[in-house]
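Student: Attaching a predicted model along with its sequence, questions to come.
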Amino acid sequence: MSGLIYREIHQNERVITVKMIQSIEATVINPNLFIRHSLWEIENLFDKDKYRLLGCYDGDMLIGMSILYLDITYLLKFYDLIKAEDALICEISWLVDENYRGRGIATALARHQFEYAKNVGYDYLFATAHDENAPSIKIIEALGLELIKRDEKFDGYNGREGYIRNVYVKKLR
């Protein structure tokens, strides 16, 4: 899509970022397909040691974002799956305003984050998706991630368990 700009989301854009997340979460029809962000997670989104935020803008309007999860505390659940405790790992997710879906924005955001993770030296990239979330699975597979586990009690973050998720991984180096 022409005219769209992809760039890191800055600290001074906290309010519009939170509003976009809340707006998108409010439109989710099947709550099993999407793990909502906790208040703690939203409050810490701009901690560069925990997250890398990439936004897609239509003019000045934030219409989509991808989150690269970097916080080791959050990522511990993945280490058992790869048997590489010294590896540098991250997880990717994305959300796009419902009025802009189906235009390749989530794929572009994911590709940018994938390249970033690879270029700065991450060893593995993880993603998760519900069985019925075909658009996300399509993006995950396009990035070359492979299904390694179906988790019936996936911990979304901060102790929120019980989400059914497929866990995907790609070795980056």
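Tutor: That came in fine, so what should we check first?
Student: use CA for all of it now, contacts and neighbours both
Tutor: Will do.
Student: how far does the worst-scoring helix or strand of the chain on mean pLDDT sit from the chain's center?
Tutor: Counting by mean pLDDT, DSSP states H and E, the chain has its least confident helix or strand at helix 39-44, which shows a mean of 75. How far helix 39-44 lies from its chain's middle: 15 Å, per C-alpha atoms, centre = their mean, to the nearest Å.
Student: and what of stretch 9-27?
Tutor: On C-alpha atoms, centre = their mean, the centre of stretch 9-27 falls 14 Å from that of its chain.
Student: now do stretch 127-137
Tutor: With C-alpha atoms, centre = their mean, you get 12 Å for stretch 127-137.
Student: what's the span of that stretch from first residue to last?
Tutor: 9 Å (C-alpha to C-alpha, to the nearest Å).
Student: Flag every buried residue along it.
Tutor: Residues of stretch 127-137 classed as buried: 127, 128, 129, 130, 136, 137 (neighbour count, 16 or more other C-alpha atoms under 10 Å).
Student: of all those, which two lie farthest apart?
Tutor: 127 and 130 (10.6 Å; C-alpha to C-alpha).
Student: Just the buried residues of the helix or strand containing residue 76, please?
Tutor: Counting by DSSP states H and E, the element that carries residue 76 is helix 72-82. Within helix 72-82, the residues that count as buried by 16+ other C-alpha under 10 Å are 74, 75, 78, 79.
Student: Which elements pack onto it?
Tutor: Contact here means 3 or more C-alpha pairs under 8 Å, 6 or more residues apart in numbering; DSSP states H and E; on that basis helix 72-82 packs against strand 89-96.
Student: ok, and what's touching the strand it packs on?
Tutor: With contact meaning C-alpha atoms under 8 Å, 6 or more residues apart in numbering, strand 89-96 is reached by 21, 24, 63-71, 75, 105-106, 109-110, 113, 117, 122-128.
Student: among the residues you listed, which are in helices?
Tutor: 21, 24, 75, 105, 106, 109, 110, 113, 117 (DSSP state H).
Student: For the fifth one, give me the pLDDT.
Tutor: As predicted, residue 106 sits at a pLDDT of 95.
Student: One more: the second one?
Tutor: pLDDT, residue 24: 84.
Student: Quick one: residues contacting it.
Tutor: For residue 24, counting by C-alpha under 8 Å, 6+ apart, the contacting residues are 95, 96, 97, 98.
Student: If you count neighbours, what's buried in stretch 88-106?
Tutor: Here stretch 88-106 shows 88, 89, 90, 91, 92, 93, 94, 95, 96, 97, 105, 106 as buried, counting by 16+ other C-alpha under 10 Å.
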